[in-house]
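J.: got a predicted structure here, sequence first:
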There are 2 protein chains.
Amino acid sequence: MYSVCVSTPERLIEATRELLWERGYVGTSPKAILQRAGAGQGSMYHHFTGKPELALAAIRRTAEEIRATAEAVLGGPGSPYERVEAYLRRERDVLRGCPVGRLTMDPDVVASDELRAPVDETLDWLRERLAAVVEEGRERGEFAPGLDGEEIAATIVATVQGGYVLARASGSTAAFDTGVRGLLSLLAPRSPAGDCPTPTKA
Amino acid sequence: MYSVCVSTPERLIEATRELLWERGYVGTSPKAILQRAGAGQGSMYHHFTGKPELALAAIRRTAEEIRATAEAVLGGPGSPYERVEAYLRRERDVLRGCPVGRLTMDPDVVASDELRAPVDETLDWLRERLAAVVEEGRERGEFAPGLDGEEIAATIVATVQGGYVLARASGSTAAFDTGVRGLLSLLAPRSPAGDCPTPTKA
DNA sequence: GTCTATACCTAGATAGAC
DNA sequence: GTCTATCTAGGTATAGAC
């Protein structure tokens, strides 16, 4: 209940954001939204044309929040590798999953260009942002020269999104962390000497 | 419609498998299952106690299928790296997503230990299987000696599961392939000489 | 075993009073 | 703006005929 000094449309949007995160679009009913927002039917249909429009407002806000959170880390201090590591290791509600990524498993969201757009834009922005950081690191010699920024960026975002899947399947955050550690070990800058592996014949 | 020489329970399970893949558990109604299976209400409740039991049968079968498909590649011919690559590059219905992984975004599946169990077991088995292959490759010197099999396995599975998310968000398989290429470039065996990067100071 | 009929609840939206 | 009917359709399950 967001009953303190918050407008009704605001409470509706926040309630929708929570429910979309918890139950997805098909699993969220107007009735559940109204109960959580402490509003009646009339209010909702006065401010919004229906469930899709309300969901769109909620998704857009969540998308914006995710960008801001990511930018705070990726545009922060530290070397490119450190910023990627900070992004991967930053605190997350792992078992709740990604409030934007999870919508891609929602048939009604994917079927609607309007609802899918903010999801697509967010993940696309994130990939581009990470690609720039990786390219910067590669130019500095922090990453192997053969790596491609866009490819590595896609791998990073996928590892996070897939980490949520593993964690929710097992009911534990461990698998998420394990996957992230694996990726970081693959990305880790080569130390000055001695660990360039001696290749053996195939 | 699976009307040719197939028992009714069989048709019900197959219809449920399809619908769970397309629409998830909360998005799949008994009515839709019956229509696709070409059966009536009575048939379904004669053979199954209800939607959860039918879904469980469907999920178990899909899980078994996934294991068999993965084992065919991971237990096949080729070096460990080649088998991992074959797993990552094998043909997939990328835009349909993973029929097992997607269930982790379903609130009713995650809330039920019974329904979640086969999902968890499948992804867990896959990680262990991949970990063994990676360990084998590391012992052969195909992968860097510092890598951890279980970590890399989690990264591989997460990249695939997350690749589905990226693909479905954009409505294109490109992002999946890009993420896989990035991961393969990170995993690639070091070539005999010349590309051990000259490290620069941090 | 399979069908139809029936039941009750919820989803999603509209109408009109206040 | 918000509320309480009201409405039609669908979700989920049971009962009982065939």
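T.: Yep, it's here. Residues are numbered from 1 along each chain as shown, chains lettered A, B, ... in the order given.

J.: surely A:V157 is in contact with A:L130?
T.: Yes. With contacts counted by C-beta atoms under 8 Å, A:V157 reaches A:L130, the gap being 6.7 Å. All C-beta atoms are positioned from the backbone trio N, CA, C, and that covers glycine.

J.: between those two, which is the more surrounded one?
T.: A:V157 (30 against 24; other C-beta atoms under 10 Å in any protein chain shown).

J.: distance of the more buried one from DNA strand D?
T.: Distance of A:V157 to DNA strand D, computed by C-beta to the nearest atom of the strand, to the nearest Å: 33 Å.

J.: grab the nearest non-local neighbour of A:E114.
T.: Spatial nearest neighbour of A:E114, excluding adjacent residues (C-beta to C-beta, 6 or more residues apart in numbering or on different chains): A:L56 at 6.1 Å.

J.: any idea which residue sits dead centre in chain A?
T.: Centroid-nearest residue in chain A, with C-alpha atoms, centre = their mean: A:C98, separated by 4.8 Å.

J.: give me every residue that touches that one.
T.: A:66, A:160-161, A:164, B:165 (C-beta atoms under 8 Å, 6 or more residues apart in numbering or on different chains).

J.: so which of the residues you listed belong to strands?
T.: In strands, judged by DSSP state E, none of the contacts of A:C98 are found.

J.: and the strand or helix carrying A:E71, what does it pack against?
T.: Secondary structure assigned from DSSP states H and E places A:E71 in helix A:51-74. Where contact means 3 or more C-beta pairs under 8 Å, 6 or more residues apart in numbering or on different chains; DSSP states H and E, helix A:51-74 is packed against helix A:8-23, helix A:80-89, helix A:113-139.

J.: want to throw the ones you listed into TSV with mean pLDDT and distance to B:T104?
T.: Converted to TSV, the helices and strands packed on helix A:51-74 look like this (pLDDT from 0 to 100; distance: least, C-beta to C-beta, whole Å):
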stretch	mean pLDDT	distance to B:T104
helix A:8-23	98	13
helix A:80-89	98	20
helix A:113-139	98	17
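
J.: nearest to B:E135, of those?
T.: Closest approach to B:E135 among the helices and strands packed on helix A:51-74 (C-beta to C-beta): helix A:80-89, 23.3 Å.

J.: before we move on, back to that, filter the contacts of A:C98 down to the buried ones, PyMOL style.
T.: Of the contacts of A:C98, the buried ones can be selected in PyMOL as follows, counting by 16 or more other C-beta atoms under 10 Å in any protein chain shown:
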select buried, (chain A and resi 66+160+161+164) or (chain B and resi 165)
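
J.: can I get the contacts of A:C98 in CSV including distance to DNA strand D?
T.: Output for the contacts of A:C98, formatted as CSV (distance: C-beta to the nearest atom of the strand, whole Å):
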residue, distance to DNA strand D
A:I66, 28
A:V160, 31
A:Q161, 27
A:Y164, 25
B:V165, 25
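
J.: in TSV, list the contacts of A:C98 along with pLDDT and distance to DNA strand C.
T.: As requested, those are exported to TSV (pLDDT from 0 to 100; distance: C-beta to the nearest atom of the strand, whole Å):
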residue	pLDDT	distance to DNA strand C
A:I66	98	25
A:V160	99	29
A:Q161	99	25
A:Y164	99	24
B:V165	99	23
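
J.: in helices, which of the contacts of A:C98 fall?
T.: Residues of those located in helices (DSSP state H): A:66, A:160-161, A:164, B:165.

J.: ok, so of those, who is nearest A:E85?
T.: A:V160 (12.6 Å).

J.: so the closest one touches B:Q161, yeah?
T.: No. Taking contacts as C-beta under 8 Å, A:V160 lies outside contact range of B:Q161: 10.4 Å.

J.: how much space separates the residue nearest to A:R96 when sequence neighbours are not counted from chain B?
T.: Spatial nearest neighbour of A:R96, chain neighbours left out: A:W21 (6.2 Å); criterion: C-beta to C-beta, 6+ apart. Distance, A:W21 to chain B, using C-beta to the nearest C-beta, to the nearest Å: 10 Å.

J.: how about A:Y164?
T.: 8 Å.

J.: nearest to DNA strand D within chain A, name that residue for me.
T.: Among the residues of chain A, A:G42 lies closest to DNA strand D, at 1.7 Å counting by C-beta to the nearest atom of the strand.

J.: angles on the backbone of that residue, please.
T.: phi -50, psi -40 (degrees, to the nearest 10).

J.: and what of A:L147?
T.: According to degrees, to the nearest 10, A:L147 has phi -70, psi 150.

J.: wait, what's in contact with it?
T.: With C-beta under 8 Å, 6+ apart, A:L147 has these contacts: A:134, A:138, B:182, B:185-186.

J.: thinking again about what came up before, name the SS class of the residue nearest to the centre of chain A, please.
T.: Assigned with DSSP: H, G, I helix; E, B strand; the rest coil, A:C98 falls in the coil class.

J.: same question for A:G76.
T.: Applying three-state DSSP: A:G76 is coil.

J.: ok, it touching A:E85?
T.: No. Using C-beta under 8 Å, A:G76 is not in contact with A:E85; the gap is 11.5 Å.

J.: who has more neighbours out of those two?
T.: A:E85 (18 against 11).

J.: what's near enough to touch the more buried one?
T.: So A:E85 contacts A:L184 (C-beta under 8 Å, 6+ apart).

J.: what do you get for the one 4 residues further on?
T.: The contact partners of A:R89, taken as C-beta under 8 Å, 6+ apart, are A:V180.

J.: re the thing from before, just name the closest of the contacts of A:L147 to B:G149, please.
T.: Looking across the contacts of A:L147 and measuring by C-beta to C-beta, the closest to B:G149 is B:L186, at 15.1 Å.
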